[in-house]
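Asker: Kindly return the folded structure for what I paste below:
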Amino acid sequence: MKCLRKKALKFMVEVIREEEKKLRSCRRTSGLLIVDKPAGWTSHDIVAKLRRHLGVRKIGHAGTLDPDATGLLPLCVGQAARITEYLMDIPKAYRVRLKFGEETDTDDASGRVIRKTEISGITEEQVRSALNLFSGEIQQVPPLFSAVRKHGRRLYEYARKGEDVCREPRAVTIYEIREVECRLPEISFWVRCSRGTYMRSLCRDIGRVMGMSAHMSRLRRTESASFTEKDAHPLSEITAMNPDDVTALLVPMDVPLSHFIPVVVRSDRIQKIRYGQPLDQEDLAGMPDSWQTGRLCRLYGEDGDFLSIGRLDRSPSGVPNVHPKKVFCQDEKIALLDSSDMLKSNRQKE
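Answerer: Just a heads-up that it's a prediction; the model follows:
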């Protein structure tokens with residue numbers, strides 16, 4: 001009997017060591033890789049290329065860029081792929097170039113010209129006055145060649161078959177337009193905007209309010225998911241690196257979530273996170289300064305490990321608590337801790 005117990009313990013030790021290796025590998029290959037996308041690549045092409053290069057299946061991106069566009073494309077690698085939805089809501093910024101005189105079916109330079117107008121007589125003052133109209137919340141009709149869904153199909157699917165379809169305007173927000181340069185027939189400007197804002201539509205609509213045709217002739221994304229151009233790495237640089245060295249470029253997944261409230265969980269209570277159980281005040285090492293029900297938070301262990309995304313809430317009796325929403329690699333760590341405790345207990349019994 002004692003011999004069987006020793007064999008069982010030995011087997012469990014081997015299992016735990018194997019799981020520890022997986023956990024270390026998970027940590028090494030999880031994070032955000034900020035790519036400076038070159039022109040001529042789709043966002044999907046970039047993801048597929050780096051999946052092969054890194055040997056990692058789970059990679060997603062935090063917002064599509066058109067093939068001709070360049071700039072920031074944050075990639076969520078490994079466990080970080082699960083935070084993509086939270087990054088999409090962070091405002092983005094672009095450097096845009098607009099050309100007056102021609103409107104295209106794609107609203108950018110790659111499309112077929114469908115309308116031309118004369119542009120003589122345009123002044124810089126008129127341009128700036130038109131730009132001022134696009135401030136705050138506006139209604140915007142997405143381009144026909146876009147990934148917006150209509151009746152279960154992408155708009156570009158209708159466009160490729162030559163089918164026109166009614167596109168309802170959507171509310172988007174332009175937070176800021178600045179750095180305007182007029183070199184007619186083109187102008188350029190920098191814009192910060194909300195999720196779902198199409199720069200192609202913005203250029204088209206600027207032309208229309210001025211009574212002329214216009215399209216977007218160049219686009220570069222300068223900010224995304226709280227990152228800027230200085231954080232980005234050229235695709236050619238990444239693919240020239242040894243895959244193991246690329247992990248040094250990964251940004252911890254909690255960095256772009258800094259707008260979530262940080263909450264520290266006591267070491268002996270992190271098991272509750274694994275099972276999705278709400279955390280009460282006694283489970284926390286400290287309480288946030290302000291408790292706003294419904295607000296998202298970052299849950300950390302006392303050792304600084306990022307454990308989960310949670311939501312501040314209250315019990316039916318009004319007592320503050322935290323509900324785990326997404327648990328990351330560290331849930332394996334919790335399981336390992338449980339198994340290690342069990343091994344110690346069995347050894348003590350012997």
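Asker: What segments of the stretch 101-250 of the chain are strands?
Answerer: Secondary structure of the stretch 101-250 of the chain, counting by DSSP state E, counting those that start in this stretch: strands at 102-104, 113-116, 136-140, 149-150, 153-154, 170-183, 186-193, 214-224, 227-228, 233-234.
Asker: ok, how many other residues are close to the nearest residue to Ser30 once chain neighbours are set aside?
Answerer: Distances taken as CB to CB, 6 or more residues apart in numbering place Gly78 nearest to Ser30, at 3.4 Å, with adjacent residues excluded. Just so you know, the C-beta spots here come from the backbone N, C-alpha and C atoms, and that holds for glycine as well. Using other CB atoms under 10 Å, Gly78 has 23 neighbouring residues.
Asker: Next, give phi and psi for Gly78.
Answerer: Taking degrees, to the nearest 10, you get phi 60, psi -130 for the backbone angles of Gly78.
Asker: Pretty sure it sits against Val56.
Answerer: Yes - Gly78 sits in contact with Val56 when judged by CB atoms under 8 Å, with a separation of 6.1 Å.
Asker: anything in contact with each of those two?
Answerer: Counting by CB atoms under 8 Å, 6 or more residues apart in numbering, the contacts common to Gly78 and Val56 are Thr29.
Asker: how about the CA coordinates for the helix or strand in which Ile273 is found, as CSV?
Answerer: Assigned by DSSP states H and E, Ile273 belongs to helix 271-274. Backbone C-alpha positions of helix 271-274 (Å, rounded to 0.1, in the frame of the first residue of the first chain) are rendered in CSV as follows:
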residue,chain,number,x,y,z
GLN,A,271,-8.7,30.2,-5.1
LYS,A,272,-12.0,32.0,-5.2
ILE,A,273,-11.0,33.7,-8.5
ARG,A,274,-10.5,30.3,-10.1
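Asker: so how far is that helix off the chain centroid?
Answerer: Computed by CA atoms, centre = their mean, to the nearest Å, the chain-centroid distance of helix 271-274 equals 26 Å.
Asker: Show me which parts of that helix are buried, residue by residue.
Answerer: Across helix 271-274, burial judged by 16 or more other CB atoms under 10 Å covers 272-274.
Asker: can the residues you listed go into TSV with extra columns for pLDDT and distance to Ile122?
Answerer: Formatted as TSV, these follow (pLDDT from 0 to 100; distance: CB to CB, whole Å):
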residue	pLDDT	distance to Ile122
Lys272	88	64
Ile273	87	59
Arg274	82	62
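Asker: Show me which of those is closest to His233.
Answerer: Ile273 (32.8 Å; CB to CB).
Asker: right, and the closest one touches Val327 too?
Answerer: Yes - when contacts are counted by CB under 8 Å, Ile273 is listed as touching Val327 (5.7 Å).
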